[in-house]
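Trainee: Mind folding the following:
(one chain, ligands or ions: 1)
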Amino acid sequence: MIKEEMKQYLVKEAFLARENSYAPYSRFKVGAAILTTDGRIFRGANIENASYGATICAERTAAVKAVSEGSKSFVAVAVVGAEENADLEHLDLAYPCGICRQVLREFLPPSGELLILVATSPTEYFESSLNALLPHSFGPEDLGYLLE
Ligand code: THU
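Mentor: Numbers count the residues shown, from 1 in each chain. Sure, this is the predicted structure:
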């Protein structure tokens, strides 16, 4: 169980991450914060590119930061996405895209439960789970034969 205080903290971290979004083309700024099993928090923002396809989403920025720093087990992810001039107190829900869902799927904790918090303000969020957003998913276990 993740405490309410930690959820609130993680959401605020996602808002801070969003401040570093580089989104001159879409002007849709996204921030994410990942809490790992070992108690670390990694922030990420979307980073766009003049060659649009080279853009990386906020969730994947945070995920690659975590994994490349040695944390490969995620317990919660907070996300906030909104047009750059949006009223941050009243946001629409911006769920992780399909590619990000699959990338997060790779780094589930032993429980298999990854909490997803989609913020609508710095103090309000909707709770979901990776399992709910990506049911019947394909993951490392499906390639277990490679490890035998
Ligand atoms: N974006 C994210 O950062 N995360 C998502 O889950 C959906 C989309 C970014 C990518 C692009 O920079 C902008 O939002 C508009 O698609």
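
Trainee: helix or strand right after the helix or strand in which T120 is found?
Mentor: Using DSSP states H and E, T120 maps to strand 115-121. Next in sequence after strand 115-121, counting helices and strands by DSSP H and E, comes strand 124-129.

Trainee: quick check, the strand holding T120 touching the ligand?
Mentor: No - on the criterion Cβ under 6 Å from any ligand atom, strand 115-121 is out of touch with the ligand, staying 9.9 Å away. Where you see a C-beta, it was placed from the backbone N, CA and C, and this is true even at glycine.

Trainee: Mind listing what's buried along that strand?
Mentor: By neighbour count on 16 or more other Cβ atoms under 10 Å, the buried set for strand 115-121 is 115-120.

Trainee: again with stretch 11-27
Mentor: Residues 11-15, 17-18, 21, 23 are the ones in stretch 11-27 that count as buried (16+ other Cβ under 10 Å).

Trainee: any idea of the mean pLDDT in that stretch?
Mentor: Stretch 11-27 carries an average pLDDT of 98.

Trainee: chain center to that stretch: distance?
Mentor: The chain centroid and the centroid of stretch 11-27 are separated by 12 Å under Cα atoms, centre = their mean, to the nearest Å.

Trainee: got the CA coordinates for it in PDB?
Mentor: Taking only C-alpha atoms (Å, rounded to 0.1, in the frame of the first residue of the first chain), the coordinates of stretch 11-27 have been written out as PDB:
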ATOM      1  CA  VAL A  11       1.900  14.100  -8.100                       C
ATOM      2  CA  LYS A  12       3.700  17.300  -7.100                       C
ATOM      3  CA  GLU A  13       6.900  15.800  -8.400                       C
ATOM      4  CA  ALA A  14       5.200  15.200 -11.800                       C
ATOM      5  CA  PHE A  15       4.100  18.900 -11.900                       C
ATOM      6  CA  LEU A  16       7.700  19.900 -11.200                       C
ATOM      7  CA  ALA A  17       8.900  17.500 -13.900                       C
ATOM      8  CA  ARG A  18       6.500  19.200 -16.400                       C
ATOM      9  CA  GLU A  19       8.200  22.500 -15.900                       C
ATOM     10  CA  ASN A  20      11.200  21.100 -17.900                       C
ATOM     11  CA  SER A  21       9.000  19.900 -20.700                       C
ATOM     12  CA  TYR A  22      10.400  20.800 -24.100                       C
ATOM     13  CA  ALA A  23       7.300  20.900 -26.300                       C
ATOM     14  CA  PRO A  24       7.700  23.800 -28.800                       C
ATOM     15  CA  TYR A  25       5.700  21.900 -31.500                       C
ATOM     16  CA  SER A  26       2.700  20.500 -29.800                       C
ATOM     17  CA  ARG A  27       2.800  23.000 -26.900                       C
END
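
Trainee: Fine by me, we can end here.
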